[in-house]
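1. A structural model of the following input is requested.
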Amino acid sequence: MSAEGHEANEGSTPGSVLKRERVRDHILELIESQHPGDPIPSERTLSARLKVSRPTLRAAVDELVAAGLLVREHGRGMFVAPEKITQELVSREQTMSLPQAGGAWSSRLLEFTTIQAGARVGRRLRLSPAAKIVYVARLRLVDGAPMAIEHLHIRADLVPGLSAQELEDGDLYEHLRGHHDVHVREAMQTIEPTVVTRAEAEVLDVPELSPAMLIERLTSDAAGRPVEYVHSLYRGDRYRIVSRLTLGPATTPTEPVADHHPGIPPGDFGRLGTVASSTRGDVQQAP
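-> Model (predicted):
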C-alpha cells in the first residue's frame, strides 16, 4: 500500500482514536505552556515529531479548533486561541456568588424602543399582550471584542424614564434598584446549544453557523413579579460555564438552594445581597 493509501485509511484503523488522543494531549500541553496568540508548530512539523500521519494530526487539530483552543489563520499558521470567559457557579450560604470577570465588560446599544408585549413575552411577564414593554437589543463586549447579543424585554410600568445610557453602562440591575426602586431577587435561566445566523455572525464577528449558547432568563423582584425576560446569544468559542458540585455532606447541614442555574451573564446581580453573579477568566485579544 502506498503512503497516501495508508494515510487515507488510518482514520478507520482500531488504533486511530488512541493515536488522535495522544496527538491531542501533546498539542494541549503545547497550548498550556504558551500564551494566547502564541504560534504552535505547523501540522507538517507536528506530524513528523509525533510520527503520525497528516490526517491523524489534522483530525486532532480540527477538534481543538472547534473547541476554541486553537486558531487557524490562512497563510500564517496555527495559534493559541484567546482564553475563554469562564463562569463558575458556587453556592455559598444560600447565595449564588461568582468571582469577578477579569476582562472589561461593556455594552453597545443596538435598539431601544417601547412596544407592546405580544402574546409570547406577555405570558412570560404575566402581562396582557397589549401591555407596554421596553425592548432593548445590546451587544456585550469584553475588552472591545464582541461576546454576546442580548434581547431584553422589561415591564415598562416598572421603569418609567428608563434611559438608553443606563443600559449601555451594563449594570442594569444596579440601575433598576437605584433609579427605579426595583429590587430583583431571583432568576430562572435555561441554557442550550445553538448556532448563529448570518446576521448574528456579522454582529459577533464569527463565521455563519458558528456554535453558540442560547441563554434565556426570567427575572423576578422581591414581590415575585416578573421584571424582565431576556434571551441572549453567547459565542461558543469564547465563553464557557463551570459548575462546582459538592458531592459529600457538609460539616454543618444547610438547607438546599433552589432554582440555581449557571450562565447568568456578567454584570447582572453584581452587587445584590440575596443573589450575586459575575464571571471570572482572562480575556485576550485574538492573534
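
2. give me the neighbour count for residue 144.
-> Burial of residue 144 is recorded as 11 neighbouring residues (other Cβ atoms under 10 Å). Quick note: C-beta positions are derived from backbone N, CA and C, even for glycine.

3. and for the one 3 residues further on?
-> By the criterion of other Cβ under 10 Å, residue 147 has 23 neighbours.

4. check the secondary structure at residue 242 for me.
-> Classification of residue 242 using DSSP: H, G, I helix; E, B strand; the rest coil returns strand.

5. so what's it bridging to?
-> residue 88 (DSSP bridges).

6. I'd like to know how far it sits from residue 129.
-> Distance of residue 242 to residue 129, computed by Cβ to Cβ, to the nearest Å: 39 Å.

7. residue 185 against residue 227, yeah?
-> No. If you go by Cβ atoms under 8 Å, residue 185 and residue 227 don't touch, sitting 9.2 Å apart.

8. and the two? Which one has more around it.
-> Shown here are residue 185 and residue 227; by other Cβ under 10 Å, residue 227 has more neighbours (23 against 17).

9. dump the residue contacts of the more buried one.
-> 125, 154, 155, 158, 176, 182, 184, 219, 220, 221 (Cβ atoms under 8 Å, 6 or more residues apart in numbering).

10. which of those residues tops the neighbour count?
-> residue 219 (27 neighbours).

11. helix, strand, or coil at it?
-> Of the three states, residue 219 takes strand under three-state DSSP.

12. who's in contact with it?
-> 173, 184, 186, 187, 226, 227, 228, 229, 230.

13. go again using 6 Å as the cut-off
-> 184, 187, 227, 228 (Cβ atoms under 6 Å, 6 or more residues apart in numbering).

14. show me where pLDDT drops low in the protein?
-> Scanning the chain for pLDDT under 70 picks out 1-18, 87-102, 169-170, 250-287.

15. that one: helices as residue ranges?
-> Ranges of helices in the chain, per DSSP state H, are 3-10, 16-32, 43-50, 54-66, 118-125, 164-168, 172-180, 198-204.

16. save those as a markdown table, and put in distance to residue 235 too.
-> Shown next, in a markdown table, are these (distance: least, Cβ to Cβ, whole Å):
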| stretch | distance to residue 235 |
| --- | --- |
| helix 3-10 | 33 |
| helix 16-32 | 19 |
| helix 43-50 | 26 |
| helix 54-66 | 13 |
| helix 118-125 | 25 |
| helix 164-168 | 20 |
| helix 172-180 | 20 |
| helix 198-204 | 6 |
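
17. which one of those lies closest to residue 109?
-> Residue 109 sits nearest to helix 164-168 of all those, at 5.2 Å, using Cβ to Cβ.

18. elements contacting that closest one?
-> strand 105-116 (3 or more Cβ pairs under 6 Å, 6 or more residues apart in numbering; DSSP states H and E).

19. quick one: strands adjacent to the strand it packs on?
-> According to DSSP bridges, strand 105-116 has these partners: strand 132-142 (antiparallel).

20. what comes up buried for the partner strand?
-> 133, 134, 135, 136, 137, 138, 139, 140, 141, 142 (16 or more other Cβ atoms under 10 Å).

21. next one: stretch 172-181
-> For stretch 172-181, the neighbour count (16+ other Cβ under 10 Å) marks 172, 173, 174, 175, 176, 177, 180 as buried.
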